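Colleague: Quick one: sequence plus predicted model below, questions after.
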2 protein chains.
Amino acid sequence: MSDKREHILVVAEELFGEKGFDGTSVRDIAQSAGVNLAMISYYFGSKEKLLEALIVYRTEYNYGILEELNKDEMLSSWDKIDRLVEFYVDRILNNLRFHNIMYAESTSARSNEIMEKIIHIKMRNLEQITKIITDGQAKKLFRQVDIPMTVGTIMGTITSYTQAKAYGCQILALGSNTNDEQYRSKLAPRLKAHLKQTLRGHLDIRNDDNKK
Amino acid sequence: MSDKREHILVVAEELFGEKGFDGTSVRDIAQSAGVNLAMISYYFGSKEKLLEALIVYRTEYNYGILEELNKDEMLSSWDKIDRLVEFYVDRILNNLRFHNIMYAESTSARSNEIMEKIIHIKMRNLEQITKIITDGQAKKLFRQVDIPMTVGTIMGTITSYTQAKAYGCQILALGSNTNDEQYRSKLAPRLKAHLKQTLRGHLDIRNDDNKK
DNA sequence: AAGGTTCAATTAAACGTTTGTTTAATTCAA
DNA sequence: TTGAATTAAACAAACGTTTAATTGAACCTT
């Protein structure tokens, strides 16, 4: 992929993440990227195709790490849960803008192509997490839980603080002029600790109501 | 409030929830509401003021229930948690469109007025839940947890399924033509059961790591 | 090595819509 | 007769996209 094309994608990601897809004009993108207006149509065909290209670009970029985690036989089920939490918190917080775009697009269903791409990514995540949890259940470490809802809890907890930065800054006692990097460094450890504790309480077979 | 003004708000809510604020034109709203284009400026002043009016309208509409729950001395802390879960799941799912609008606006920060209104609502929710949890901790029923993160878990879990209906339909084995009412009736009990179980594991003082 | 050819990259300008908002005229009940 | 409610029309600005002209480096032929 050419440097210029990639540069446009990165700039578009930032703007879409800030102001939304409809809130960002092609002229905004061209100006911020320092390219001519017509180059966006020239490279991507249309504004919507640009969004599709961005999703493909970021998705391929982030591929494969979960699969490796699952294959690692040295890790206990509990270790895998901890790694999973760290992986998702870091990955989402490192791609904060992109994550907000995907999140917004999940609601609006702009086009079938984009929606299918998003659902495909989510299904793949669900599969990987399902493997980890069922594996822990087979080893009598985890109790029975609603796995898709549990995935919703993991993702939703993280997202509730990534898509509402102004609120998050208040909670974390940060100023409203906090940049993304500062926000992430404060938020990440707190999210990780909370999610690990929550999932421990949620999954531990010793916490099963039937056994009390 | 006049009937016509209220009707415009309800129609705008539906459209904003479906296609987003920027994705909905004033002409869309006027046509769907069956009123003249100029009436929106006449009643609300501008498109953005209309959004503000909608937030005020819905927020006042949903006020006060949590406060009553908190004051009820007959309920145990565990009962309050269960009621809390039921309240939030029902309230969010009954105002699905509005909830999606609020969430989208949390990210984009269209104006200071709107952002402040949203943060105010969230802070009020946080206060009420904080009371319930600290009360349970004082009674030695709940362990120490990160309360703002716990609120994020409750809201985030629900939201992860309200803002991604197409994905949710796949998980719930529903067709893609499922309407909001059907979606809600399938989703609500599952969300409630999962959140109650999760919070039980998360909050129960007997699950404290120090005590094992 | 020089000159000619080719084609992707880039540009400024213009395209036709659609946007949110306003205007000025009209309706209609009090 | 008054004034709020309602209308069709028009407004300028912004929108995504296309066009047609120009650049400039790579390639080929002599």
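Modeller: Okay, I see it.
Colleague: near DNA strand C, which residues of chain A show up?
Modeller: Contact residues, chain A versus DNA strand C (C-beta under 7 Å from any atom of the strand): A:2, A:4, A:35-39, A:42. Bear in mind the C-beta positions are built from the backbone N, C-alpha and C, glycine included.
Colleague: Counting neighbours, which of those residues comes out on top?
Modeller: A:Val35 (18 neighbours; other C-beta atoms under 10 Å in any protein chain shown).
Colleague: next helix or strand past the helix ranked longest in chain A?
Modeller: Ranked by number of residues, the top helix in chain A under DSSP state H is helix A:112-138. Downstream of helix A:112-138, the first helix or strand assigned by DSSP states H and E is helix A:147-162.
Colleague: That following helix and chain B, any residue contact?
Modeller: Yes - using C-beta under 8 Å from any C-beta of the partner chain, helix A:147-162 reaches chain B at A:148-150, A:152-153, A:155-161.
Colleague: for these, which one is nearest A:Leu126?
Modeller: A:Pro148 (6.3 Å; C-beta to C-beta).
Colleague: quick one: that closest one from DNA strand C, how far?
Modeller: 36 Å (C-beta to the nearest atom of the strand, to the nearest Å).
Colleague: What of A:Leu174?
Modeller: In terms of C-beta to the nearest atom of the strand, A:Leu174 sits 32 Å off from DNA strand C.
Colleague: Helix or strand: which one has the residue nearest to that residue when sequence neighbours are not counted?
Modeller: The shortest distance from A:Leu174 to any non-neighbouring residue, by C-beta to C-beta, 6 or more residues apart in numbering or on different chains, is to A:Lys186 (6.2 Å). Per DSSP H and E: A:Lys186 is located in helix A:180-203.
Colleague: Same question for A:Glu105.
Modeller: helix A:96-108.
Colleague: So which residues make contact with that helix?
Modeller: With contact meaning C-beta atoms under 8 Å, 6 or more residues apart in numbering or on different chains, helix A:96-108 is reached by A:13-14, A:16-18, A:20-21, A:51, A:54-55, A:58, A:92, A:114-115, A:118, A:121, A:159, A:162-163, A:180, A:184, B:18-20, B:23, B:100, B:103-104, B:107, B:163-164, B:166-167.
Colleague: Return the alpha-carbon coordinates of it using CSV.
Modeller: The C-alpha trace of helix A:96-108 is given here as CSV (Å, rounded to 0.1, in the frame of the first residue of the first chain):
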residue,chain,number,x,y,z
LEU,A,96,-9.2,4.2,20.5
ARG,A,97,-10.3,6.2,17.4
PHE,A,98,-10.8,3.1,15.3
HIS,A,99,-12.7,1.4,18.0
ASN,A,100,-15.1,4.3,18.3
ILE,A,101,-15.7,4.2,14.6
MET,A,102,-16.5,0.6,14.6
TYR,A,103,-18.8,1.1,17.6
ALA,A,104,-20.7,3.9,15.8
GLU,A,105,-21.0,1.9,12.7
SER,A,106,-22.4,-1.1,14.6
THR,A,107,-25.4,1.1,15.4
SER,A,108,-26.0,2.8,12.2
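Colleague: element containing the spatially most central residue of chain A?
Modeller: Centroid-nearest residue in chain A, with C-alpha atoms, centre = their mean: A:Ile92, separated by 3.9 Å. According to DSSP H and E, A:Ile92 maps onto helix A:77-94.
Colleague: which residues touch the residue nearest to the centre of chain A?
Modeller: A:99, A:158-159, A:162.
Colleague: what two of the residues you listed have the greatest distance between them?
Modeller: A:His99 and A:Ile158 (8.5 Å).
Colleague: any idea of the pLDDT on the residue of chain A found nearest DNA strand C?
Modeller: At 3.0 Å from DNA strand C, A:Asn36 is the closest residue in chain A, using C-beta to the nearest atom of the strand. A:Asn36 carries a pLDDT score of 96 in this model.
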